[in-house]
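**Q** The amino acid sequence is not available; the structure is as follows:
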């Protein structure tokens, strides 16, 4: 059964728990919340929510991403990425829309252009 996140705006279909360490690539079709650690690339056809204690060491490809924890890797987002005040990204971002809260950490480059994501030159 799907759960709602704390904002009530997204149905969460998968949760990686706080004591879970996933080694290897991870793919999901639905909204997923990561409270533990993933060491590998993550692909999501939905929204990926990284909690403040969550960590991802690998590249992320998703429709939308909310980063509240730590990411070390490049991120490619179809629509929107949000880095919350507790979030930290060390890597490059490609997206259509970017929101960075005050006190968030972003070390890398950002390419924001809808044409790039659609494959146009």
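**A** Received it, and whenever you're ready, just let me know what you need. Predicted model only: the values in this text are computed from it and were never measured.
**Q** Going by C-alpha atoms from here, please, whenever you check contacts or count neighbours.
**A** Will do.
**Q** okay but residue 98 is in contact with residue 81, surely?
**A** Yes: with contact defined as CA atoms under 8 Å, residue 98 counts as touching residue 81 (5.1 Å).
**Q** Which of these two has more residues huddled nearby?
**A** residue 81 (26 against 17; other CA atoms under 10 Å).
**Q** For whichever strand or helix holds the more buried one, the averaged confidence score.
**A** Taking DSSP states H and E as the definition, residue 81 sits inside strand 75-83. Per-residue pLDDT over strand 75-83 has a mean of 96.
**Q** so where's this structure shaky on pLDDT?
**A** 1-10, 114-121 (pLDDT under 70).
**Q** all helices for it, in order.
**A** Counting by DSSP state H, one finds helices in the chain at the ranges 114-117.
**Q** Look at residue 57 and say how many residues are nearby.
**A** Residues contacting residue 57 under the criterion other CA under 10 Å number 18.
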